[in-house]
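Chemist: Need coordinates for the following:
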Amino acid sequence: MIKKSPVFSVTEVLQATSGTFISGTVETIFQGISTDSRLIQKGNLFVALKGEKFDGHDFIETAIKEGVSGLLIQDEGKVPRGKATKKVAVIKVADTLFSLGELAHYWRKKFSIPVIGLTGSSGKTTTKEMIAAVTDGVKKTLKTEGNLNNLIGLPQTILRLTDEDELAILEMGTNTRGEIRRLTQIANPDIGLITNIGPAHLAGFGSMAVVRDEKSDLFFNMSPSGTAVINLDDALITESAEQWKGKKITFSMSPNADVTVKDIEKNGARGMRFNLIIGDQTQKTEIKIVGLHHVHNAMAAAATAFAAGVDIRTISEGLGSFRPFSGRMEIIKLRNGAFLIDDSYNANPASVREALMSLKDLKSNHNAYVFLGDMLELGDQSEEMHRKIGMLMATIGVHALFLKGDFAGVTAAGAREGGLSPDNIFFLLEQDSGVGYLKERLKKGDWILVKGSRGMKMEKIVSQICDHFGSDKIGENSRITD
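Modeler: The predicted model follows:
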């Protein structure tokens, strides 16, 4: 029984990584794996990762002092010689990052539980949390925490698996061609979901065709016996999914899918209502998050949970228990009666557009104020996409626009082109959060949206607004969660 995760013998590490045993005792057993010398526990195998700006080999002596039982290294010349080292099993590999993935894959194969792998240009973290809200009620679920969805984070999540887990949900992120293929090879998911394919990380991928190919690698590197969950409302996904010959579960706003919805109602700041339809069954469902795009996310979560064997009633109840979390369309009621939408976690053209359309619905006849930071990693299309977002701001009736970043001028030009008065467009400096402007004008019932890529640190503006106007803590009446 695997109650503690993970335990490896030297032989298993050598088998998993095709490594070379350098020194130490071949009978050594490793209790857990660490890639961070600050988090080492006695008995760990320390994996000395090497990147462009860091080298774990520089911390080998620290790892030894902290009591590791083994070292997985790729630069033998950086391993100190002496009595201390002789007590530690040293294994050399060609690439420690690749080998970390191989160790995780080896560990994953010890478990027969369903593993869900999901990716997408936007909405994947919210969808992951929705799936978890559904499955937590029926299965002990291991899920990706935070943003640990890359070639380091995903293996770390897999290595947390124990016999107590009954299902795993693994989020997969990418900004470089080939990452989704590698992540899928490591995770070996039984169920694969691509939420959508949109213009994200274009600076690295170059074109939407490459983005499509990268995301589609989830399907093409799954086991043929797996299930692909397919968004029929996304033409790029359906185009790629035609090549998938295995089992499929489809979802769509139209009725020609395995999972669909009808009778969608907007419930103001409290979220959305709809009838969830799976096959010939219908269940009234409510989600406590605003925006039509989150109905899409709920459909994706429902289809994925259905593929994992969860019934429609449990799915509906789980979606109803889901709550938005910090930085992702979280609605906060300020003490003066205005509302703040904190969507500061990340931004790409699709997610900004959806946030703005949600704002349009919510503000009704009240004023709306938007704080927007640059959308990053859009490459040659950056200017055009920022200009279009600026135009959209004007068409939905934003009262005032606060801009931050290198493309603020382009966004402003688009807003002016769309009809927003230059007098209502402001450029934020480091010391200026726009709170002074709001202090004089923000009224009960007004709405504020804060949005931007993580690198723009828009969450600081959220904090400044909340600090100035006051907002209740989570669980109190000012946060709209029920």
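Chemist: Can you tell me the closest non-neighbouring residue to residue 245?
Modeler: With sequence-adjacent residues excluded and distances taken as CB to CB, 6 or more residues apart in numbering, residue 245 is closest to residue 224, at 7.1 Å. Just so you know, the C-beta spots here come from the backbone N, C-alpha and C atoms, and that holds for glycine as well.
Chemist: What about the one you found, how many residues nearby?
Modeler: Neighbour count of residue 224, defined by other CB atoms under 10 Å: 8.
Chemist: and it, how far is that from residue 173?
Modeler: The gap separating residue 224 from residue 173 is 25 Å, by CB to CB, to the nearest Å.
Chemist: and what of residue 380?
Modeler: Residue 380 is 22 Å from residue 173, where distance means CB to CB.
Chemist: Who has more neighbours out of the two?
Modeler: The residue with more neighbours, out of residue 380 and residue 173, is residue 173; 21 against 10, by other CB under 10 Å.
Chemist: Not counting sequence-adjacent ones, nearest residue to that one?
Modeler: Once flanking residues are discounted, residue 173 sits nearest to residue 149: 3.9 Å by CB to CB, 6+ apart.
Chemist: mind listing what that neighbour touches?
Modeler: By CB atoms under 8 Å, 6 or more residues apart in numbering, the residues touching residue 149 are 124, 170, 171, 172, 173.
Chemist: Quick check: helices, which of the residues you listed are part of them?
Modeler: Counting by DSSP state H, the part of those found in helices is residue 124.
Chemist: and residue 341, which of the three is it?
Modeler: strand (DSSP: H, G, I helix; E, B strand; the rest coil).
Chemist: and residue 433, how many neighbours?
Modeler: The burial count for residue 433: 21, using other CB under 10 Å.
Chemist: ok so it is a helix residue?
Modeler: No. Under three-state DSSP, residue 433 sits outside any helix and is assigned coil.
Chemist: ok, and the closest non-adjacent residue to it?
Modeler: Nearest residue to residue 433, sequence neighbours excluded (CB to CB, 6+ apart): residue 464, at 4.3 Å.
Chemist: For stretch 235-245, buried residues please.
Modeler: Residues 236, 237, 240, 241, 244 are the ones in stretch 235-245 that count as buried (16 or more other CB atoms under 10 Å).
Chemist: what about the second one, distance to residue 455?
Modeler: So that's residue 237. 28 Å.
Chemist: right, and the helix or strand after the lowest-mean-pLDDT helix or strand in the chain?
Modeler: Ranked by mean pLDDT, DSSP states H and E, the helix or strand of the chain with the weakest confidence is helix 83-86, at a mean of 69. Sequence-wise, the next helix or strand downstream of helix 83-86 (DSSP states H and E) is strand 89-92.
Chemist: For the stretch 351-482 of the chain, which segments count as strands?
Modeler: Assigned strands in the stretch 351-482 of the chain, in chain order: 368-373, 400-404, 425-427, 447-451 (criterion: DSSP state E, counting those that start in this stretch).
Chemist: and the third one, how far from the chain's centre?
Modeler: Looking back up the chat, that one is strand 425-427. Centroid separation for strand 425-427 versus its chain: 30 Å, with CA atoms, centre = their mean, to the nearest Å.
Chemist: where exactly do the strands run in the stretch 151-300 of the chain?
Modeler: 167-171, 191-194, 227-231, 247-251, 259-266, 272-278, 281-287.
Chemist: any chance of the ones you listed in a markdown table, plus mean pLDDT and mean neighbour count?
Modeler: Below are the strands of the stretch 151-300 of the chain laid out as a markdown table (pLDDT from 0 to 100; neighbours: other CB atoms under 10 Å):
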| stretch | mean pLDDT | mean neighbour count |
| --- | --- | --- |
| strand 167-171 | 98 | 26 |
| strand 191-194 | 98 | 29 |
| strand 227-231 | 98 | 26 |
| strand 247-251 | 98 | 19 |
| strand 259-266 | 97 | 16 |
| strand 272-278 | 98 | 20 |
| strand 281-287 | 98 | 17 |
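Chemist: Just send those strands back as JSON lines, with distance to residue 26 too.
Modeler: Below are the strands of the stretch 151-300 of the chain laid out as JSON lines (distance: least, CB to CB, whole Å):
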{"stretch": "strand 167-171", "distance to residue 26": "31"}
{"stretch": "strand 191-194", "distance to residue 26": "38"}
{"stretch": "strand 227-231", "distance to residue 26": "41"}
{"stretch": "strand 247-251", "distance to residue 26": "44"}
{"stretch": "strand 259-266", "distance to residue 26": "52"}
{"stretch": "strand 272-278", "distance to residue 26": "53"}
{"stretch": "strand 281-287", "distance to residue 26": "54"}
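Chemist: Which stretch among those approaches residue 330 most closely?
Modeler: Between residue 330 and these, the shortest gap by CB to CB is with strand 281-287, which sits at 13.6 Å.
Chemist: Which strands or helices does that closest one pack on?
Modeler: Strand 281-287 sits against strand 272-278, helix 292-307, helix 312-321, with contacts defined as 3 or more CB pairs under 8 Å, 6 or more residues apart in numbering; DSSP states H and E.
Chemist: Please identify the most buried of these.
Modeler: helix 292-307 (a mean of 26; mean count of other CB atoms under 10 Å).
Chemist: Give me the distance from it to the chain's centre.
Modeler: How far helix 292-307 lies from its chain's middle: 15 Å, per CA atoms, centre = their mean.
Chemist: In space, what's closest to the residue nearest in space to the middle of the chain - neighbours in sequence excluded?
Modeler: Centroid check for the chain by CA atoms, centre = their mean gives residue 125 as the closest residue, at 3.4 Å. The shortest distance from residue 125 to any non-neighbouring residue, by CB to CB, 6+ apart, is to residue 171 (6.3 Å).
Chemist: so who does that neighbour touch?
Modeler: Contacts of residue 171 (CB under 8 Å, 6+ apart): 118, 119, 124, 125, 128, 143, 144, 149, 154.
Chemist: run the last query once more with 7 Å
Modeler: Going by CB atoms under 7 Å, 6 or more residues apart in numbering, residue 171 touches 118, 124, 125, 128, 144, 149.
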